[in-house]
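A.B. asks: sequence and predicted model, in that order:
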Amino acid sequence: MPLEGLRFTLEVDGLAETATAVVSFTLYQSLSTPFLLRVDIASDRSGLTAVSFLEKNATLTIWQGNTPLRYLHGIITGMESGENNRWQMNYTLTLSPPLWRAGLRQNFRIFQQQDIQAISSTLLTENGVTDWVPSFYESHPAREFCVQYGETDLAFLTRLWAEEGIFYFDWLHPTGPEQKLVLCDDVAGVSTLGAMPFNPGTREVSRECISEFRYEATVSPSSVQSQDYTFKVPDWPGYYGHKADSLNGQLSQYEIFDYPGRFKDESHGQNFTRYKTEGWRNGAETAACVSNSPKLWPGKRFTLTGHPSPTLNREWQVTGCVLKGEQPQAQHGSQGEGTTLSNAFDVIPADRTWRTSPLSKPSVDGPQSAVVTGPAGEEIFCDEYGRVRLKFLWDRYQDGTENSSCWIRVSQAWAGAGFGNLAIPRVGQEVIVDFLNGDPDQPIVMGRTYHEDNRSPGDLPGTKTQMTIRSKTYKGGGFNELRFEDATDNEQVYIHAQKNMDTEVLNSRTTDVKVDHTETIGNNQSITIGLGQTVKVGKENAGGHDQTITVAHDRSITVRNDQTLKVKNDRMMSISHDDGLYVANDRKVTVEGKQAHKTSGDHISLVEGSHSLEVKGDLARKVAGALGIKAREAVVLESSGSITLKVGGSFVVIHPGGVDITGPKINLNSGGSPGTPVQTQRPAVLKTLPDDNNKNAEQNDNEDRGTSDKSVCQECLKKAQEAAAAFVPRR
């Protein structure tokens with residue numbers, strides 16, 4: 001049922017109206033799809049080329065008399081030249097909205113901590129879409145990490161909009177050429193035209209109406225169940241479901257289970273599941289219609305009236321249309337009919353929101369290389385989960401700082417609750433990144449690799465037999481290392497500690513060295529043994545049984561109880577300076593064989609008690625100087641044989657038979673003198689060494705012996721001053 005007084009015009013930047021007379025056009029429009037307008041024109045200019053059309057702004061206007069019914073603005077994205085009938089040249093032009101340009105740009109790009117409106121704004125602006133408006137009724141939280149992975153800008157935006165339950169359409173001003181892209185997430189954002197009558201007649205009319213309305217209902221998925229996982233809350237069920245509201249009598253068993261659901265929190269989980277349900281059912285209840293009105297396009301609602309089926313006289317929303325116009329009289333010499341316009345469009349009930357069917361997400365084919373990043377001057381940059389930040393090799397937008405990516409998890413060789421393996425990749429290192437479920441939004445570091453500027457420890461291939469674990473000092477040049485050498489006959493386990501090395505064994509430790517054991521300690525060594533210690537060197541009848549201890553300076557041994565030393569062969573001790581021995585109680589020395597003493601200096605002995613000497617053989621003493629014996633009591637010399645005192649040729653012999661005195665001259669009570677006194681010497685008093693655990697006992701011992709606390713064993717050679725006279729007989 002065509003309208004009266006229709007005509008079509010096309011304005012193209014830089015061309016006169018006579019150069020673009022509209023012969024026919026076909027306009028394809030659908031929700032969440034850039035429109036496509038193909039216009040056949042007849043031009044009085046035969047020399048027009050691609051330069052005359054491509055990327056030029058163009059506006060199609062549908063008129064009824066002098067009243068514009070509709071404008072459609074776009075850019076010319078294609079042209080074809082047709083036949084020339086001597087008066088006019090035929091051209092076919094393709095028009096698309098500015099958003100169409102986004103389909104020509106493919107990219108790899110990361111968006112961090114941005115919501116859908118911010119991401120949309122960036123890409124729409126870059127593609128020259130300046131006239132757009134969000135019409136959001138739902139909450140759209142920011143996404144932590146969102147990757148455009150090898151998708152065109154248009155495909156990426158369309159996918160994100162579908163995930164967020166957003167559809168888009170072109171809003172056209174009712175009385176002017178103004179046109180905007182509208183992003184909408186609820187049917188409330190779709191404008192209404194009011195009532196549209198149903199008129200199945202075929203005659204030409206002056207008002208807009210619907211001539212065909214074919215209702216259709218189909219069985220569709222009845223519910224969606226989605227599940228996902230987040231490592232921050234590992235026991236979170238992450239399970240959400242949504243059932244369709246109106247099933248029109250169909251069974252409810254047609255469930256879609258979706259994993260992973262592409263959400264990490266409750267807000268996204270609930271909404272995404274509902275959006276998917278509505279997307280799967282966007283064709284469950286539709287109607288295919290025909291109208292003469294050019295105003296019925298996606299983004300419009302209307303109320304059907306006058307239909308013989310009362311249930312259909314309700315509000316509907318347009319989801320797609322094909323608008324066709326014929327104006328054959330624009331062609332010179334045409335004998336065709338007058339101008340006609342038909343609109344075949346699809347609708348769904350307006351009590352629900354149309355959503356895009358769930359779209360597939362690009363999948364990463366395999367692992368990739370990336371470089372660990374961090375702040376300037378930092379070598380290790382991670383969070384409390386051991387996650388790092390990366391710069392992907394395909395990322396052209398980030399500068400390789402701590403903002404190059406979100407925090408990305410790092411796989412470890414072993415991960416338990418408080419135990420396992422932990423090695424944080426360092427800033428600047430190349431890592432191998434995989435993606436969970438192939439999802440570019442979920443990278444995870446699976447390994448590390450060397451490259452030309454980041455070589456491995458050792459010098460390959462010469463060190464190919466070595467397996468090495470080597471760390472690097474944080475902001476320094478040192479390292480810790482554990483190395484295994486597997487070269488034949490040179491096998492080795494090497495451990496290097498850059499500074500301290502601590503070993504803790506909660507029970508027993510056994511070390512078995514089959515050949516030699518060498519330890520070199522550059523400074524001090526301290527060994528604390530809680531109970532006993534046994535050291536065994538070699539076997540009695542085998543070679544290599546000696547033990548050698550060399551102490552460059554002092555050596556101190558403290559035994560707090562008994563000490564037993566057993567030497568089965570010889571014992572030699574050489575002391576280059578003094579030797580002191582302090583025995584707090586008794587001392588016993590037993591020599592089974594011969595005992596020899598040699599003193600190069602003085603030999604001083606002090607016996608504070610009795611001194612008993614028993615010689616079962618002969619006793620010989622030879623004194624190169626004087627011999628003095630002094631006793632405070634009696635001196636008794638007893639012999640079973642005789643006692644002889646001899647000086648030169650004079651002597652006295654005492655024997656059982658009497659006393660013999662022989663000499664050149666014998667003086668009684670005359671001549672001679674009592675002799676010259678000979679002084680005795682007393683050794684210094686030796687003292688016990690300090691006992692760290694019994695300092696008070698040492699102090700008491702000093703007081704008991706009448707000595708000062710300042711006396712130490714190194715003073716044991718001081719001579720005691722005590723004069724004593726010894727009797728020497730006169731000659």
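C.D. replies: Structure's in. What do you need? Residues are numbered from 1 along each chain as shown.

A.B. asks: going by C-alpha atoms from here, please, whenever you check contacts or count neighbours.
C.D. replies: Fine.

A.B. asks: direction included, what does the lengthiest strand in the chain pair up with?
C.D. replies: In the chain, taking DSSP state E as the definition, the longest strand is strand 67-84. If you go by DSSP bridges, strand 67-84 pairs up with strand 57-64 (antiparallel), strand 89-96 (antiparallel).

A.B. asks: residue 379: which of those strands is closest?
C.D. replies: Closest approach to residue 379 among those (Cα to Cα): strand 89-96, 50.9 Å.

A.B. asks: quick one on the thing from earlier: list of residues touching the longest strand of the chain?
C.D. replies: The contact list for strand 67-84 (Cα atoms under 8 Å, 6 or more residues apart in numbering) reads 46, 50, 53-63, 89-98, 172, 174-177, 179, 294-295.

A.B. asks: let's see 6 Å
C.D. replies: 54-63, 90-97, 177 (Cα atoms under 6 Å, 6 or more residues apart in numbering).

A.B. asks: again, but for stretch 127-141
C.D. replies: Under Cα under 6 Å, 6+ apart, the answer for stretch 127-141 is 98, 102, 115, 180, 181, 182, 183, 184, 185.

A.B. asks: ditto for stretch 295-303
C.D. replies: With Cα under 6 Å, 6+ apart, stretch 295-303 has contacts from 30-31, 169, 190-196, 314-321.

A.B. asks: taking these one by one, which sit in strands?
C.D. replies: Using DSSP E, these in strands are 30, 169, 191-196, 315-321.

A.B. asks: which among the residues you listed gets closest to residue 570?
C.D. replies: The shortest gap between residue 570 and any of the ones in strands among the contacts of stretch 295-303 belongs to residue 169, at 108.8 Å (Cα to Cα).

A.B. asks: ok, the closest one - contacts?
C.D. replies: Contact analysis of residue 169 by Cα under 6 Å, 6+ apart lists 31, 181, 182, 299.

A.B. asks: neighbour-wise, give me the winner out of those residues.
C.D. replies: Neighbour tally across those (other Cα atoms under 10 Å): the maximum, 24 neighbours, falls on residue 299.

A.B. asks: all strands for the stretch 1-150 of the chain, in order.
C.D. replies: Along the stretch 1-150 of the chain, counting by DSSP state E, counting those that start in this stretch, strands occupy 6-12, 21-30, 33-43, 57-64, 67-84, 89-96, 106-114, 132-135, 143-152.

A.B. asks: now the angle from the helix or strand hosting residue 343 to strand 21-30?
C.D. replies: Residue 343 belongs to strand 340-349 when assigned by DSSP states H and E. Using axes from the mean of the first three to the mean of the last three Cα atoms, to 10 degrees, the inter-axis angle of strand 340-349 relative to strand 21-30 is 10 degrees.

A.B. asks: now for the next helix or strand after strand 340-349, which elements pack on it?
C.D. replies: Per DSSP H and E, the first helix or strand lying C-terminal to strand 340-349 is strand 368-373. Packing partners of strand 368-373 (3 or more Cα pairs under 6 Å, 6 or more residues apart in numbering; DSSP states H and E): strand 389-392, strand 430-435.

A.B. asks: contacts for strand 368-373, please.
C.D. replies: Contacts with strand 368-373, where a contact means Cα under 6 Å, 6+ apart, come from 389-393, 400-402, 427-433.

A.B. asks: and stretch 617-632, average pLDDT?
C.D. replies: Per-residue pLDDT over stretch 617-632 has a mean of 83.

A.B. asks: what's the answer for stretch 246-264, then?
C.D. replies: Confidence over stretch 246-264 (mean pLDDT, whole number) is 90.

A.B. asks: quick check: buried residues in that stretch?
C.D. replies: By 16 or more other Cα atoms under 10 Å, the buried positions in stretch 246-264 come out as 247, 255, 256, 258, 261, 262, 263, 264.
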